[in-house]
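Enquirer: pasting a predicted model and its sequence here:
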Amino acid sequence: MRVLAMAAAVLVAVSTTLVSTAPAHAYPQVSRAEVIARAKSWLTAGPGGGPVPYSQSVGLQGYRQDCSGYVSMAARIDAPGKITIDLADRLHSAPIAMADLRWGDIVVNTTGDTADGRHVVIFEKWADPYRTAYHAYEQRSTYGTTYRVLRYGISGTDDYRPRRLLNVTG
């Protein structure tokens, strides 16, 4: 009887783990245009029609108002949102070269001991023909949702890496 109870407990633990870590192909497919439109929507969805404020505990539309919650919202991935490390794992995205970035791809830093040392942004387009900077959407502390020119990952000497979300099409 004790063996059966232990086996049942193991099965429950394994099935719970499998359900909570669904791969990207389990999420609705979303076009690159929809990712950008959804990202852009938070620029004016905050108080008074301004940017959505940053928060790791408060949510909007069911999603955390931090960087990974924001990317999850834009890509229609499980609310309240995956954490940065999950967005960069093989179940949710694939590594690509910086030169291969397309609108709706992400640039992510998964290093650091805390969420404050990690960050993810949504690439929109190159800022110049030499690809020395790019326009991106991000959710960042103090400012909330922003659209600005970034250089994360360009030098190859920082911890930012480009990735393509597996449920994004086009």
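Expert: Now that the structure is in, tell me what you want to look at.

Enquirer: check which element follows the lowest-mean-pLDDT helix or strand in the chain along the chain.
Expert: The weakest-scoring helix or strand in the chain, judged by mean pLDDT, DSSP states H and E, is helix 2-20 (a mean of 39). Counting by DSSP states H and E, the next helix or strand C-terminal to helix 2-20 is strand 30-31.

Enquirer: which residue ranges of this structure form helices?
Expert: 2-20, 32-41, 67-74, 84-87 (DSSP state H).

Enquirer: for the second one, which outside residues touch it?
Expert: It refers to helix 32-41. 30, 70, 73-76, 102-104, 122, 124, 137, 147, 165, 168-170 (Cβ atoms under 8 Å, 6 or more residues apart in numbering). Heads up, the C-betas are built off the backbone N, CA and C, glycines and all.

Enquirer: how about a cut-off of 6 Å?
Expert: The contact list for helix 32-41 (Cβ atoms under 6 Å, 6 or more residues apart in numbering) reads Ala74, Ala75, Trp103, Gly104, Ile122, Tyr137, Val168, Gly170.

Enquirer: repeat that for the last one.
Expert: In this structure, residues lying in contact with helix 84-87 by Cβ under 6 Å, 6+ apart are Ser68, Val71, Thr110, Arg118, Val120.

Enquirer: if we go to 8 Å?
Expert: 21, 67-68, 71-72, 77, 92-93, 106, 108-110, 115, 118-120, 163, 165.

Enquirer: and for stretch 110-130?
Expert: With Cβ under 8 Å, 6+ apart as the test, stretch 110-130 has contacts from 35-36, 39, 56, 66-68, 70-71, 74, 83-85, 87-88, 101-109, 133-138, 140, 147, 149-150, 152, 159-162.

Enquirer: out of these, which sit inside strands?
Expert: Per DSSP state E, strands hold the following members of the contacts of stretch 110-130: 56, 106-109, 134-138, 140, 147, 149-150, 160-162.

Enquirer: just the buried residues of those.
Expert: For the ones in strands among the contacts of stretch 110-130, a burial check counting by 16 or more other Cβ atoms under 10 Å picks out 106-109, 134, 136-138, 140, 150, 160-162.

Enquirer: got CSV for these, with pLDDT and distance to Gln61 too?
Expert: Conversion of those to CSV gives the following (pLDDT from 0 to 100; distance: Cβ to Cβ, whole Å):
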residue, pLDDT, distance to Gln61
Ile106, 98, 19
Val107, 97, 23
Val108, 97, 22
Asn109, 95, 25
Tyr134, 98, 26
Ala136, 98, 21
Tyr137, 98, 15
Glu138, 98, 17
Arg140, 95, 19
Leu150, 97, 24
Tyr160, 95, 27
Arg161, 96, 28
Pro162, 98, 26
